[in-house]
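Engineer: The following block contains a protein sequence and its predicted model.
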Amino acid sequence: MLLPALNKAREKGRTAVCVSNLHQIMVAIRLYSDDNAQQMPPASYGSTGVGPWPKLLGPYMPRRGGLTSSMANRTFICPSAQYLGFLNQNLGFTYACTGAMLGHALAGTGLTVSQPRKDIEIETNPSETPLIVEGMQDQTKIGTGADCLSNCSWSSGSYNASKDLSCGGPSCCKNLDFRHTGGMNILYYDGSVRMATYIKAQLISECLWDGEKLSSCKTATGGVGAF
């Protein structure tokens, strides 16, 4: 009879650590922005060899083992994350940014992982605009990669938020991880962190996910969304 209660208490503690992690990540993003002309870190600057956004925050959240280490700061690892083939202490990073941290393409339209986003370019309600979410193990590296994808776009790519939020439940998600007993911690642009169930997350619109006031603002299931 004690085991379920102990497991529940442990998960409550892990959830609290996850919330603390996300608050610390927001502080690091703000520090980075202050040092880089009010630009947030680009989601995945692979063309320059810098790597994903957690690595860019290294000066504010040192990597385990020093600057040259491949192991991210423990703050980027949710203690409840479980990736196939890895112990939790050996994971890299388990949080992904949303479209709100993707920059605008230099040519054409749309958002891109390789360009930074300026603070002033977020057009939607800061307290309802998700910035960092909990990510599942990169589906292309199951058993071989200890990270989630650096970003989760709304609709581009094989794995995205709109597919996850319209598939029917947490069990069919490929990118978003509702790992806290069916809930997912979300860091919003105003710095707040709140737990969202799958049903609650389905109320997030494309506009909020991307931080843009689009002409048509819909949720993943086609409902009328919010700004």
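Structural biologist: Yes, it's here.
Engineer: remind me which residues of the chain are low pLDDT?
Structural biologist: Along the chain, the parts satisfying pLDDT under 70 run over 1-5, 45-50, 64-71.
Engineer: All the strands of it, residue numbers only.
Structural biologist: When assigned using DSSP state E, the strands of the chain occupy the ranges 44-45, 51-52, 95-97, 103-104, 111-112, 130-134, 183-188, 193-197.
Engineer: so which of those strands gets nearest residue 59?
Structural biologist: Of all the strands of the chain, strand 51-52 sits nearest to residue 59, with 13.6 Å by Cβ to Cβ. Just so you know, the C-beta spots here come from the backbone N, C-alpha and C atoms, and that holds for glycine as well.
Engineer: mind listing what that closest one pairs with, with the direction of each?
Structural biologist: Strand 51-52 has the following strand partners under DSSP bridges: strand 44-45 (antiparallel).
Engineer: so which of the strands of the chain gets nearest residue 151?
Structural biologist: Closest of the strands of the chain to residue 151 is strand 95-97, at 4.9 Å (criterion: Cβ to Cβ).
Engineer: can you list the residues that contact the closest one?
Structural biologist: For strand 95-97, contacts defined as Cβ atoms under 8 Å, 6 or more residues apart in numbering pick out 21-22, 25, 43, 53-54, 76, 78, 131-135, 148-152, 175, 187.
Engineer: and what of stretch 153-167?
Structural biologist: So stretch 153-167 is contacted by 98-99, 102, 111, 139, 149, 152, 172-176, 198, 201-202, 204, 206, 209-210, 219-221 (Cβ under 8 Å, 6+ apart).
Engineer: among these, which ones are buried?
Structural biologist: 98-99, 102, 111, 149, 152, 173-176, 198, 201, 204, 206, 209-210, 219-220 (16 or more other Cβ atoms under 10 Å).
Engineer: Export the strands of the chain as a markdown table, with columns for distance to residue 158.
Structural biologist: Formatted as a markdown table, those follow (distance: least, Cβ to Cβ, whole Å):
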| stretch | distance to residue 158 |
| --- | --- |
| strand 44-45 | 15 |
| strand 51-52 | 18 |
| strand 95-97 | 14 |
| strand 103-104 | 22 |
| strand 111-112 | 17 |
| strand 130-134 | 17 |
| strand 183-188 | 20 |
| strand 193-197 | 23 |
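Engineer: any idea which of these is most buried?
Structural biologist: Neighbour counts (mean count of other Cβ atoms under 10 Å) averaged over each of the strands of the chain peak at strand 95-97, with a mean of 28.
Engineer: Now do that one: distance to the chain's middle.
Structural biologist: Centroid displacement of strand 95-97 relative to its chain, using Cα atoms, centre = their mean, to the nearest Å, is 2 Å.
Engineer: just stretch 143-162 next, same as before
Structural biologist: 10 Å.
Engineer: In that stretch, which residues are buried?
Structural biologist: 145-154, 159-162.
Engineer: Among the residues you listed, which are located in helices?
Structural biologist: Secondary structure assignment by DSSP state H places 161-162 of the buried residues of stretch 143-162 in helices.
Engineer: Tell me where this structure has helices.
Structural biologist: Counting by DSSP H, the helices of the chain are 2-35, 53-56, 161-164, 198-201, 206-210.
Engineer: In JSON lines: those helices, plus distance to residue 91.
Structural biologist: Below are the helices of the chain laid out as JSON lines (distance: least, Cβ to Cβ, whole Å):
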{"stretch": "helix 2-35", "distance to residue 91": "12"}
{"stretch": "helix 53-56", "distance to residue 91": "11"}
{"stretch": "helix 161-164", "distance to residue 91": "20"}
{"stretch": "helix 198-201", "distance to residue 91": "23"}
{"stretch": "helix 206-210", "distance to residue 91": "25"}
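Engineer: Cheers, nothing more for now.
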